[in-house]
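Participant: here's my sequence, what's the structure:
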Amino acid sequence: MSIKVEQLSKSFDGQFAVKNLSFDASENGVIGFLGPNGAGKSTTMKMITGFLEPDNGKVNVCGIDALSNRNETRKMIGYLPEGNPLYYEMYVREYLAFAASVHKIANKKDRIEEVIKMTGLTPESSKKTGQLSKGYKQRVGLAAAIVHDPQVLILDEPTSGLDPNQIVEIRQLIKDLGQTKTVLFSSHILQEVESICSRVIIINKGELVADDSLSHLKNNMDTGAEVVVRFSRSPKENWWSGWNELTGVNEKDGSFYLNTKEPEKTKRQILEYALSNNIDILSIDSQHKSLEEIFKNLTNKTENQ
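Facilitator: Predicted structure coming up:
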């Protein structure tokens, strides 16, 4: 189960939407696919799934060249596009039966009932898709994407329009699916990505800017961490002067917030300063940057290059 993209490019009217993009998702799990609006995420997903022809590059799905074997690789891919196109005059079961027929699924009726239950559609399953709320329409789209039990899932904003309770349920379903499938998951809600993804791929202006495990990005990005310290009395002005690992310092309500590339070194220096100046430390804590801060740092960096 895998997706491999090599030097993938696509331009519109002479402007690159995706430029020489390469990544390899060969493991099971949920991989966050991130980027600002217009970064090329949806274009990339459409090329992987065969709905858009690339200008250059290669796409390999489960060991098969997707560009020359579209019908074969589409059997292996479940795709929920951002727009989630549905036939609004069809009933839920009717629409899922249509999707199942396209994939020539055996035991179609049993599988439809299974995915209805998996996606929480049971209460609304007797309605036409056009009568459903946006959240339930998303569930129908997800059910259609998994009805043929694909090995690879491409999900473009799958929780868009869901209420908080529905989001929790669909997140758990996506995590469960990631146990046995490769899931490429796009979302603008970065806290959501943090909660279900172990790896993230970030693109900007169609180019790759990061591809790493979430834990490694948090621990090793040059955004570093923030150390927060509160002293028993006010220290001298610019008491941190000369600490080269710092990227910024703020003071608020008597606490100092030190942005640092090396949080452990910064904490040691704070302790040494407090001891040598006979100042008690009331509290000291550190936390790594959030995915949101890493995302802003990476995409702003490429914007300014």
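Participant: and the residue most central in space within the chain, how far from N300?
Facilitator: Residue closest to the mean C-alpha point of the chain, counted by CA atoms, centre = their mean, is G32 at 2.4 Å. The spacing between G32 and N300, counted by CB to CB, to the nearest Å, is 19 Å. For the C-beta atoms, the positions are set from N, CA and C on the backbone; glycine is no exception.
Participant: show me this structure divided up by domain.
Facilitator: Using automatic domain parsing, the domain parsing of the chain gives 3-217, 224-288.
Participant: quick one: low-confidence parts of the stretch 151-300 of the chain?
Facilitator: Per-residue confidence for the stretch 151-300 of the chain (pLDDT under 70) gives these ranges: 218-224, 288-290.
Participant: any idea how far the residue nearest to the centre of the chain lies from E245?
Facilitator: In terms of CB to CB, G32 sits 28 Å off from E245.
Participant: all the strands of the stretch 1-150 of the chain, in order from the start?
Facilitator: Listed in chain order, the strands of the stretch 1-150 of the chain (DSSP state E, counting those that start in this stretch) span 3-12, 15-25, 29-34, 56-61, 64-65, 77-80.
Participant: tell me the angle the longest one makes with strand 56-61.
Facilitator: Between strand 15-25 and strand 56-61, the angle formed by their directions is 30 degrees, by axes from the mean of the first three to the mean of the last three CA atoms, to 10 degrees.
Participant: now strand 15-25, how far from the centre of its chain.
Facilitator: 16 Å (CA atoms, centre = their mean, to the nearest Å).
Participant: would you indicate which residues of that strand are buried?
Facilitator: By 16 or more other CB atoms under 10 Å, the buried positions in strand 15-25 come out as 16-19, 21, 23, 25.
Participant: flag the least confident of those residues.
Facilitator: pLDDT is lowest at A25 among these; the value there is 90.
Participant: mind listing what that one touches?
Facilitator: 2-4, 31, 182, 184, 201 (CB atoms under 8 Å, 6 or more residues apart in numbering).
Participant: please, where are all the helices along the chain?
Facilitator: Using DSSP state H, the helices of the chain run over 41-49, 70-74, 92-102, 108-118, 134-146, 164-177, 190-196, 214-220, 263-276, 291-303.
Participant: same list, those, but as JSON lines with mean neighbour count and distance to E82 please.
Facilitator: Below are the helices of the chain laid out as JSON lines (neighbours: other CB atoms under 10 Å; distance: least, CB to CB, whole Å):
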{"stretch": "helix 41-49", "mean neighbour count": "23", "distance to E82": "6"}
{"stretch": "helix 70-74", "mean neighbour count": "16", "distance to E82": "18"}
{"stretch": "helix 92-102", "mean neighbour count": "18", "distance to E82": "18"}
{"stretch": "helix 108-118", "mean neighbour count": "16", "distance to E82": "21"}
{"stretch": "helix 134-146", "mean neighbour count": "23", "distance to E82": "10"}
{"stretch": "helix 164-177", "mean neighbour count": "16", "distance to E82": "15"}
{"stretch": "helix 190-196", "mean neighbour count": "17", "distance to E82": "15"}
{"stretch": "helix 214-220", "mean neighbour count": "15", "distance to E82": "23"}
{"stretch": "helix 263-276", "mean neighbour count": "16", "distance to E82": "38"}
{"stretch": "helix 291-303", "mean neighbour count": "17", "distance to E82": "19"}
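Participant: and those as CSV, adding distance to G206?
Facilitator: Below are the helices of the chain laid out as CSV (distance: least, CB to CB, whole Å):
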stretch, distance to G206
helix 41-49, 8
helix 70-74, 23
helix 92-102, 31
helix 108-118, 34
helix 134-146, 25
helix 164-177, 26
helix 190-196, 20
helix 214-220, 20
helix 263-276, 34
helix 291-303, 10
